[in-house]
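**Q** Compute the structure for the input listed below.
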Amino acid sequence: MPELYPLENSVQHNDWGSRTRIQELLGTVPDGTPAAELWLGAHPSAPSRVDGGGSLLELVRSAPDAMLGRRVADEYGPRLPYLLKVLAADRSLSLQVHPKPHAARAGFNRENRQGLPPGDPCRSFHDDQHKPEMVVALTEFEGLAGFRAPRAVLDLLDGLDGALVGDVRALLAADRSPGGVKAAFTRLVVARHDAGTPDDVATTVAAVTARLASGSPSSRADATVLQLATEHPGDPAALASLLLNRVTLDPGQGLFLPAGEVHAYLSGLGVEIMASSDNVLRAGLTTKLVDEEALVECASFVPRPPQPPRTRAAGGRGQVTTYRAPVREFALTLADVGPDEKVELPAEGPRIVLCLSGDLEVGAEGCPAPATLGRGASVFVPHDAGPLRLSGSGHAVCAWVP
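**A** Sure, this is the predicted structure:
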């Protein structure tokens, strides 16, 4: 008979993480250690544990048709195609890109031939999967995503001191095509290897500081440069923020990042879902491995505005919002469940439900006993459990395969 599987999930302790937000969600006592991400899924790097023993990775592999459904198992094999996260950032993440499918396969196979073991910090490719992703804000959420139009970048660079920004300005002025954007961005990120770059970056940061103090209309972009330069002194990637779109999401708003999109989250709490991959190519703003060559090879340099997911509201008071991105691996549904309400959730496929607040009951048509979830608790719902409903009072997020 189908079961609902309570999950135990791992917390990733990156230095940019919050010291309180994930701890508050999980009801643990903060100890000063930053908690950056809560992972819910079956990625081999940190699979969720199934209550009672074993991992979600092993559970899915043991009975893929029952756990995933024939449609999902036929398309993706015996693997959960998405990875759900809660992301809590008190400072900026790395300037990064996630690879497209062909680049992920090529990079993973190349590093395997080089003999790099799984989990090696010198690896750029930890698996052979692409990694489009979507984030939905739970608090005000700040980030950088995709390239600004070259004309807007040239306006931001105008009047700034420093040889490096001078080179970037000249490259863009000579070629405003995606090729020119690529050349300008590459000039910035490879400059980290030049001995004089920290002093040159400091010169530009001083000019940005003076411009911000003068009340320039570019204050938001300038403030971003100063934030990044404070967190990562001397890193030319702080100046690369001038090439990228600045994004603020209010709670409930979402952002889709296709594979190849250059981005960096800056701060906030959000629910993030992605294809099940741990491939991150970094170009700066980090103490982890930087592989600007792989990043430039995998990135898209076509300027465009940030891309929101498609949303659809349902329920008698619009209390259920579904977020869809133009990919096949994942979708999200956020539900605000009130007393005496029953909320219907996706009826098939592998689903993960996480309670964000309150107390909720998760019931499935094929399971005799519901699961009770308090704040921070989660459950895996296999395909064989059938249609799903929520009751009680609280907020929840459900990850599923469209």
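**Q** only C-alpha atoms for contact and neighbour calcs from this point on.
**A** OK.
**Q** can you give me the helices in the chain?
**A** With DSSP state H applied, the chain shows helices at 21-26, 56-62, 64-68, 70-76, 101-113, 150-157, 163-174, 178-190, 197-213, 219-231, 237-240, 292-298, listed in chain order.
**Q** Tell me which of these sits nearest to residue 44.
**A** Residue 44 sits nearest to helix 56-62 of all the helices of the chain, at 7.0 Å, using C-alpha to C-alpha.
**Q** Do I have it right that residue 361 meets residue 369?
**A** No - counting by C-alpha atoms under 8 Å, residue 361 sits too far from residue 369 to count as a contact (10.1 Å).
**Q** Which residue of these two possesses the greater neighbour count?
**A** Per other C-alpha atoms under 10 Å, whichever of residue 361 and residue 369 has more neighbours is residue 361, with 17 against 12.
**Q** For residue 119, report the pLDDT, please.
**A** With respect to pLDDT, residue 119 scores 87.
**Q** residues touching the residue lying closest to residue 135 once chain neighbours are set aside, list them.
**A** Across the structure, with C-alpha to C-alpha, 6 or more residues apart in numbering as the measure, the residue nearest residue 135 apart from its sequence neighbours is residue 272 (4.2 Å). Taking C-alpha atoms under 8 Å, 6 or more residues apart in numbering as the contact definition, residue 272 lies against 84, 85, 86, 87, 133, 134, 135, 136.
**Q** what about the fourth one, how many residues close to it?
**A** Summarising burial for residue 87: neighbours were counted as other C-alpha under 10 Å, giving 28.
**Q** now swap in the last one and tell me
**A** Residue neighbour count, defined by other C-alpha under 10 Å, stands at 26 for residue 136.
**Q** ok, now the first one?
**A** Around residue 84 sit 29 other residues, with neighbours defined as other C-alpha under 10 Å.
**Q** Show the contacting residues for it.
**A** Counting by C-alpha under 8 Å, 6+ apart, residue 84 makes contact with 39, 40, 41, 271, 272, 273, 274, 399.
**Q** mind running it again at 6 Å?
**A** Taking C-alpha atoms under 6 Å, 6 or more residues apart in numbering, we find residue 84 in contact with 40, 272, 273.
**Q** If it is in a bridge, with which residues?
**A** Legend: beta-bridge partners of residue 84 under DSSP bridges are residue 40, residue 273.
**Q** what's the distance between it and residue 274?
**A** If you measure residue 84 against residue 274 using C-alpha to C-alpha, to the nearest Å, the figure is 7 Å.
**Q** who touches the residue nearest to residue 229 when sequence neighbours are not counted in this structure?
**A** Nearest in space to residue 229, with sequence neighbours left out and distances taken as C-alpha to C-alpha, 6+ apart, is residue 238 at 5.6 Å. Contacts for residue 238 were tallied using C-alpha under 6 Å, 6+ apart; they are 225, 228, 229.
**Q** Out of those residues, which comes closest to residue 100?
**A** Of all the contacts of residue 238, residue 228 has the smallest distance to residue 100: 27.2 Å, by C-alpha to C-alpha.
**Q** and the closest one, how many neighbours?
**A** If we define neighbours as other C-alpha under 10 Å, then residue 228 has 22 of them.
**Q** what's the distance between it and residue 264?
**A** Between residue 228 and residue 264 the distance is 11 Å, computed by C-alpha to C-alpha.
**Q** re the thing from before, could you point out which of the contacts of residue 84 is nearest to residue 148?
**A** Residue 148 has its nearest neighbour among those in residue 272, at 23.6 Å by C-alpha to C-alpha.
**Q** Which pLDDT value goes with that closest one?
**A** At residue 272, the model reports a pLDDT of 98.
**Q** same question, residue 197
**A** According to the model's per-residue confidence, residue 197 sits at a pLDDT of 98.
**Q** Grab the nearest non-local neighbour of it.
**A** Nearest to residue 197 is residue 191, by C-alpha to C-alpha, 6+ apart, at 6.3 Å.
**Q** cool, and residue 256?
**A** Among residues not flanking residue 256 along the chain, residue 134 sits closest, at 4.4 Å (C-alpha to C-alpha, 6+ apart).
**Q** and the one you found, what does it touch?
**A** The contact partners of residue 134, by C-alpha under 6 Å, 6+ apart, come to 255, 256, 272, 273.
**Q** Throw these into JSON lines and include distance to residue 390, thanks.
**A** Written out in JSON lines, the entries for the contacts of residue 134 read as follows (distance: C-alpha to C-alpha, whole Å):
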{"residue": "255", "distance to residue 390": "26"}
{"residue": "256", "distance to residue 390": "26"}
{"residue": "272", "distance to residue 390": "21"}
{"residue": "273", "distance to residue 390": "21"}
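**Q** for those, which one is nearest residue 128?
**A** The shortest gap between residue 128 and any of the contacts of residue 134 belongs to residue 273, at 17.8 Å (C-alpha to C-alpha).
**Q** list the contacts for that closest one?
**A** 83, 84, 133, 134.
**Q** Name the nearest of these relative to residue 4.
**A** Nearest to residue 4 among the contacts of residue 273 is residue 84, at 17.5 Å by C-alpha to C-alpha.
**Q** tell me which of the contacts of residue 134 is nearest to residue 303?
**A** Using C-alpha to C-alpha, residue 256 comes nearest to residue 303 of the contacts of residue 134, at 15.2 Å.
**Q** Relative to residue 153, how far out is that closest one?
**A** Taking C-alpha to C-alpha as the criterion, residue 256 is separated from residue 153 by 22 Å.
**Q** so how far is stretch 390-402 off the chain centroid?
**A** On the basis of C-alpha atoms, centre = their mean, to the nearest Å, stretch 390-402 sits 20 Å off its chain's mean C-alpha point.
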